[in-house]
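K.L.:
Predicted model follows, preceded by the sequence.
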Amino acid sequence: MRALELGAALVDLVLPGDCAGCGDPVQPWCPRCVARLGEPSWPAVPGVPGVLAVGRYAGPLRAALLRYKERGRRDLARPLAALLAGPLEEVVQPHPAVTWLLPAPSRPAAARARGGDHVVRLCRALAAGRPDVRVARPLRLMRRARDSVGLDAVQRAQNLAGRLCVRPAALPPEGAAVLLVDDVVTTGATLRACRSALARAGVGVDVALVLCDATRRETRREEGPLAARER
C-alpha cells in the first residue's frame, strides 16, 4: 500500500463517528439531515437515456459529499453508498446474474491527492456483501485532463475529448448488465463521454447512478425512462 493510502486508511480508523451531513455525534445521519436529503429524481441529461440521482447537490447531501471527497473523510463512503442502494434496486434489470458498476474515472492527480479514486471507493462500498453486484474499472482519464470545476458544458466536453480511454481487459463480460456511477451530474459531459467510449468498446449503457443532481432545475424530470416504459 502506498504511504498516502496507508495514511488515509489510518485516518479512517481514528475518526469519531458522526452524522455524514452535519457532524453531529449521530451515525450515519442525524434525523434533521435525513429530513433534508430529499427524494431521488431523474434529471434530464442530453445524450444519456436515464440518470437517477439520490438528491440535489445541496444541503446535507452536498456537505457529506464535500467532506468525503475533498476533506479526507473516506469513512463516509459507506453512508453515501447506502443512499445509492435504493436507486440501485430501482434500475437493476430483473434477476440479472450480476450487475456491474462502472465508476466514472477521476483525474490521476486528483485521485492521488484524495488517497484513491473516490467514485471507485463508493462503488466498492455499494457492492460490499452483494455477490450480485461487482465493480469493473475499464475507464481511464488521461493526465492531460483539467479539473472540470468552473467549466461550462462546451468546455467540459472539450476537456474530455480524446482523454478518456477504455481498457478492454477490464471490461465486464460480454452482454453483462452495467451501470455507470458518478458522484455529481452537472452538464452530463462526463457521463456522455463515458457512455460514448464504452459504446465504441461494444458496451451499451442505458442508465447511470449519481449521488447529486447539480443540473439546472428546468431540465429536471420526476420520472425516469423505466416508469415511462411501463405505461
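P.N.:
On my side now, so go ahead.
K.L.:
ok, now which ones touch the nearest residue to Gly38 once chain neighbours are set aside?
P.N.:
Of all residues not flanking Gly38 in the chain, Gly55 sits nearest, at 4.1 Å (CB to CB, 6 or more residues apart in numbering). C-beta here means a position set from N, CA and C on the backbone, and glycine is covered the same way. By CB atoms under 8 Å, 6 or more residues apart in numbering, the residues touching Gly55 are 37-41, 61, 83, 211-213.
K.L.:
Return the set of buried residues in the helix ranked longest in the chain.
P.N.:
Using DSSP state H, we find that the single longest helix of the chain is helix 77-91. Within helix 77-91, the residues scored as buried using 16 or more other CB atoms under 10 Å are 77-81, 83-84, 87-88, 91.
K.L.:
next structured bit after it?
P.N.:
Counting by DSSP states H and E, the element after helix 77-91 in chain order, helix or strand, is strand 99-103.
K.L.:
Direction included, what does that following strand pair against?
P.N.:
Paired neighbours of strand 99-103 in the sheet (DSSP bridges): strand 133-135 (parallel), strand 177-185 (parallel).
K.L.:
Report the inter-axis angle for that strand versus helix 77-91.
P.N.:
130 degrees (axes from the mean of the first three to the mean of the last three CA atoms, to 10 degrees).
K.L.:
Tell me the buried residues in strand 99-103?
P.N.:
99-103.
K.L.:
circling back to that earlier point, so which of the strands paired with strand 99-103 is the most surrounded?
P.N.:
strand 177-185 (a mean of 22; mean count of other CB atoms under 10 Å).
K.L.:
Now do the helix or strand just after that strand: distance to the chain's middle.
P.N.:
Using DSSP H and E, the helix or strand that follows strand 177-185 in sequence is helix 189-200. Centroid separation for helix 189-200 versus its chain: 14 Å, with CA atoms, centre = their mean, to the nearest Å.
K.L.:
Over to stretch 54-61?
P.N.:
Offset of stretch 54-61 from its chain centre (CA atoms, centre = their mean): 13 Å.
K.L.:
taking the mean pLDDT, what do you get for that stretch?
P.N.:
Average pLDDT, stretch 54-61: 96.
K.L.:
buried sites along it?
P.N.:
Using 16+ other CB under 10 Å as the test for burial, stretch 54-61 gives 54-57, 59-61.
K.L.:
Relative to Ala113, which of those is nearest.
P.N.:
Nearest to Ala113 among the buried residues of stretch 54-61 is Tyr57, at 21.1 Å by CB to CB.
K.L.:
which residues does the closest one contact?
P.N.:
65, 184, 212-214.
K.L.:
mind listing which of those residues are in strands?
P.N.:
Using DSSP state E, the subset of the contacts of Tyr57 located in strands is 184, 212-213.
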